[in-house]
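K.L.:
Generate coordinates for the sequence data below:
(chains A and B)
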Amino acid sequence: MKAHRALPAALALAALLAAPAAGAQTLRTLTSSRQLHGEAALAVNVSYVAGRFHLVPAPAGTLYQMEMRYDEEKFTPIREYDAASGALSLGLKSRGHVTLAGNGDEDDVPTLDLALAAGVPLALSLDLGAAEAEADLGGLALTSLRYKTGASRSRLKFGRPNAAACDSLTIEAGAAEFTATGLANAGCRHVRVEGAVGAVTLDFSGVPRASSDADIHLGLGTLKLVLPRTVGVAVTLDRFLASFDQDGFTRRGGVYYSDNYAATRFHLDLKVESAFGGIEVAWVDGPR
Amino acid sequence: MNSVARCSVLAAALAAASAGGATATTLGDHGSRDAAARIAEGLRFIERVLHIQQHGTQVSSFTISIGSREASLELDLASGGTRVVVLKAGGLYIDNQIAGQYTVGGALEHSWRRLLADAGSFDTPQLVARLKGWSVDGLTGGDLAVKRRIDDVLSPLAAAPAVAATTTARTSPSAESAQAPAAPGPALPSLPPPALEASAPAAAPAAPSAVQILFHDVKNVVAMFIALAMIGFGTVFFARRYLEVVADTASQAFGRSLVVGLLGQLLLLPTLAMLVVGLIFTIVGILLLPFAVIAFLIAACLSVLGGYLAVAHAVGETVSRRRMANGAFVRSPNAYGYLFTGLIGLLGLWAAAALFGWAGPVVYVFRAAAFVVTWLAGTVGFGAVLLSRAGLRDTFTGRHMGDQSGEYLWATPPATPAAPRPGRRQ
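P.N.:
Numbers count the residues shown, from 1 in each chain, chains lettered A, B, ... in the order given. Modelled structure (predicted):
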C-alpha cells in the first residue's frame, strides 16, 4: 500500500528530474551558511521545486545553513537575504520546462539539506513541489508555518515543543502522502489542512500548551488522526462517501465528543470535511 | 589592513576629533556642554572608523559553489563587503578579476575543491579556521603563486562573532502550565436546540399575501417550462433520432424502463464509488479521477434530463395521436409539438399546485402528485436512456415487429430505407 502511495510522488519527481538528454547532467553543489547577527525575527520562504528536502534546527549561533546539490542546467538556486526586513529566501527553482526522460540515477536527484536558526522567531513558509521531504521543526521558534507540497511524500515532525507562540499552521498537500507528528508540540492555535488526493496522517500528540482547533479538508483519500487521550477532542464531520471510525467518541448534536472531553484541561476541536475515503482514528496515551 | 594603515587612519580620526574640539572651543558662547558633545562626536567618529576596519575582515556568512568547471568561495563580510575567490578553468579570479593561472586538475585545484567540499557541515568560524589553515604541499610555479594570492585574501579573515537574537521568542503558555495537574474542563456543550428553533428569526417577517404566493409559484413553473422547452427543442434539433428512440423505448417498454430506472437510481452512487475506488489505485487513474467523477455526474444528470424530455415527447405524441384518431385538428404533429404538449402535461400538476397555493393544505396534495409524476417520468426516462443506450439501440422501441407475411409487404413503400415507426404506419 505504501508503495502505491509513493508512486505519484515518484512519478512527478521523475518527470521533473528528467534530463533533456540522458547523461547530460551537470551537477553542482552549493553550500551556504550565515551567522546570527542579532536578528529579532525572520520571515523565511523556502521554495523547492523537486528532489529530496531535509530541514532541521541549526546549531547555536547560525542563522541558516544550507547544502544543496542540483543539475545547474535545469535548476537555479535561490538564496536571498535582506537583513533590513528580516526576509530570507532559500531553495531551488526550475529553469524552465522539463520533460520525462530521466535515467533513474539516484545521484541525479536534487537534494537540499537546510538548517534554520533555533532561537529566532520564524514565520516559515515551505513550498515544496515534487519533493520527498522530511522536516523536523522541533525546537524552532515558529510564529507561523505554511507548508505547501505538491506531488510528494512528506514527513513533518515536531520532536520538541515550539519555542514561540504559534498562531497558525497551514498545510496544503496535493497528490501526496503526508504525515505530521507531534502537532501538539507545535502549539499552533489554529491548524488548517487542505488535502487533495492521497493519504494524510495528522498526529496531535506531544505536550499541549493550550486548546486549539483544526480545519481539515480532504478530497480523495484516507485521513488518519492520531489523538492523545490527555486532550478532549470534538469532531465536526462533513463527509461524503467517507467512513469514520467512531470508537472513543460519543455523538451529541452532530458533533463527536471524546469520552474524556469534560474532564480535560485542553481541547482540540476538529472540523473535518472529507469525500471518497476514510477517516481513521488512533488513540495514544501520552506525549510521544 | 596592516598596522601602518590602521595607525594613519587613527591619526586622521584624532585630528578630526581635535579639530572639532578646537572649533567648539572657539565658539565659546556655546559653553562646555557643546564642547563635550563635539568631543563625544569625534570619539564616535574614531570608533566608527575603527569599527569599519575591524569588521572589514570579519566573515558573517559564506557560500560555496562547486561545479564541474569551477569551485568558488564567496565570503560576506560584517562590513557589508564581499570577497569572492574562484578557481575556474585554469584561472584564479578574486572579486571577479583574473588574478593568476593554475594547472587544471593539479594538486592545487584538487586541494581547493576538497577544502570547499568538506565545508558543507561547517559553520562560519569553523570554515574560516579551515581556510586559514589550508596548505598544499609540492606546489611550484604558477600554482604556488596562485596559492599565495589566495592566502593573501584568506589570511586576514576572522569569523564574526555570532550575536544572539535581540529579542527572545515570544513563548506561548509555559510547558510547566501544560504539565500542571489537569483541572476539570468545562462541561460538555449542551445539545443544540432543534434546527427549527435555532433558525427561527427574532422577528417573524410579514406573511406573503395570496397573490404574492400565486405569482411566485406560477413564475417558477413558467420559468421551469421555458427552460425545459428550450433544452428540449435544442435536443430535438440536434439529436432528434436519439430522442425518438428513447421516447419510443419509454412508451413501448414502460414497465421495463421503470424497473431499469429504479435500479439505475439505486446503483448510481455505488457505481460512482466503485469508479473512484477503481481509479484511485493507479497513477493514471488518480490523474483522471476528477475528470471521471465530473463526467459521470454530468452523464447522470444528462441521462435523467434527457429521459424526462423523452417521456414528455412520448406523452405528447400519445396525446396528439389520440386526438388525431378522434378527428381533432392538431396544428403541429411533429417532435416539437409532441415535446411542447408533453411538457404541458407533465408540468400541469405543478401548475395546478402553483395556482392553488393560496388554498391552504390542498396544495400539498397537488405538490405530492406533481412530485410523484415528475419522479416517475424521470425514472422511466432514465431507464429508457439506459435501455436504449442513450438512443443508440432501438431494441425496445417496438420497431422490430418480426417477420411479416408477404400479404402485408405491399404496405411498405419500397423506397423507404428504414422501418417506419409503428405509430406512423397508421
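
K.L.:
contacts and neighbour counts: CA atoms only from here.
P.N.:
Will do.

K.L.:
tell me the secondary structure for residue B:291?
P.N.:
Assigned state for residue B:291: helix (three-state reduction, DSSP: H, G, I helix; E, B strand; the rest coil).

K.L.:
burial count for it?
P.N.:
12 (other C-alpha atoms under 10 Å in any protein chain shown).

K.L.:
do the one 10 residues further on as well
P.N.:
As a burial measure, the neighbour count of residue B:301 was computed by other C-alpha under 10 Å and equals 13.

K.L.:
Surely residue B:317 is within a helix?
P.N.:
Yes: counting by three-state DSSP, residue B:317 falls inside a helix.

K.L.:
quick one: contacts for it?
P.N.:
Contacts here follow C-alpha atoms under 8 Å, 6 or more residues apart in numbering or on different chains; on that basis residue B:317 touches B:333, B:335, B:338, B:339, B:341, B:342.

K.L.:
what about it, distance to residue B:231?
P.N.:
18 Å (C-alpha to C-alpha, to the nearest Å).

K.L.:
Find the helix or strand that the closest residue in space to residue B:256 that isn't next to it in sequence is a member of.
P.N.:
Nearest residue to residue B:256 in three dimensions, chain neighbours excluded: residue B:383, at 7.7 Å (C-alpha to C-alpha, 6 or more residues apart in numbering or on different chains). Using DSSP states H and E, residue B:383 sits in helix B:362-387.

K.L.:
pLDDT (mean, whole number) over that helix?
P.N.:
The average pLDDT within helix B:362-387 is 86.

K.L.:
Also stretch B:318-331?
P.N.:
Stretch B:318-331 comes out at a mean pLDDT of 80.

K.L.:
thinking again about what came up before, do I have it right that the residue nearest to residue B:256 meets residue B:255?
P.N.:
No: contact criterion C-alpha atoms under 8 Å: residue B:383 and residue B:255 do not qualify, at 9.5 Å.

K.L.:
Neighbour count for these two, which is higher?
P.N.:
residue B:383 (32 against 14).

K.L.:
Can you give me every residue that contacts residue B:161?
P.N.:
A:35, B:60.

K.L.:
Can you pull the phi/psi pair for it?
P.N.:
Main-chain torsions, residue B:161, degrees, to the nearest 10: phi -70, psi 140.

K.L.:
Would you check how far apart it and residue A:116 are?
P.N.:
The spacing between residue B:161 and residue A:116, counted by C-alpha to C-alpha, is 18 Å.

K.L.:
ditto for residue A:57
P.N.:
5 Å.

K.L.:
Same question for residue A:234.
P.N.:
Where residue A:116 is concerned, residue A:234 sits at a distance of 35 Å (C-alpha to C-alpha).

K.L.:
Between the two, tell me which one has more neighbours.
P.N.:
residue A:116 (25 against 22).

K.L.:
tell me which strands and helices the helix holding residue B:383 is in contact with?
P.N.:
helix B:210-252, helix B:254-280, helix B:283-325, helix B:348-355 (3 or more C-alpha pairs under 8 Å, 6 or more residues apart in numbering or on different chains; DSSP states H and E).

K.L.:
Nearest to chain A within the stretch 301-426 of chain B, name that residue for me.
P.N.:
Nearest residue of the stretch 301-426 of chain B to chain A (C-alpha to the nearest C-alpha) works out as residue B:301 at 18.5 Å.

K.L.:
re earlier: intersection of neighbour lists for residue A:57 and residue A:116?
P.N.:
residue A:140.

K.L.:
so where's the chain shaky on pLDDT?
P.N.:
Since no chain was named, I'll use chain A. Residue ranges of chain A with pLDDT under 70: A:1-25, A:97-107, A:241, A:286-288.

K.L.:
wait, chain B
P.N.:
For chain B (pLDDT under 70), the answer is B:1-56, B:164-210, B:332, B:357-361, B:399-426.

K.L.:
Can you tell me the number of residues neighbouring residue A:221?
P.N.:
Residue A:221 has 24 nearby residues by other C-alpha under 10 Å.

K.L.:
nope, residue B:299 is what I was after
P.N.:
12.

K.L.:
How about the one 3 residues further on?
P.N.:
For residue B:302, the number of neighbouring residues by other C-alpha under 10 Å comes to 15.

K.L.:
Helix or strand: which one has the residue lying closest to residue A:256 once chain neighbours are set aside?
P.N.:
Excluding the flanking residues, the one nearest residue A:256 by C-alpha to C-alpha, 6+ apart is residue A:235, at 4.9 Å. Residue A:235 is part of strand A:232-244 when elements are defined by DSSP H and E.

K.L.:
Can you tell me the strand partners of that strand and which way each runs?
P.N.:
Paired strands of strand A:232-244, with direction, are strand A:255-258 (antiparallel), strand A:267-284 (parallel) (DSSP bridges).

K.L.:
Quick check: residues of the stretch 1-150 of chain A near chain B?
P.N.:
A:4, A:7-8, A:26-41, A:61-62, A:65-67, A:119-121, A:141 (C-alpha under 8 Å from any C-alpha of the partner chain).

K.L.:
Just the buried ones from those?
P.N.:
A:7-8, A:27-37, A:39-41, A:61-62, A:65-67, A:119-121, A:141 (16 or more other C-alpha atoms under 10 Å in any protein chain shown).
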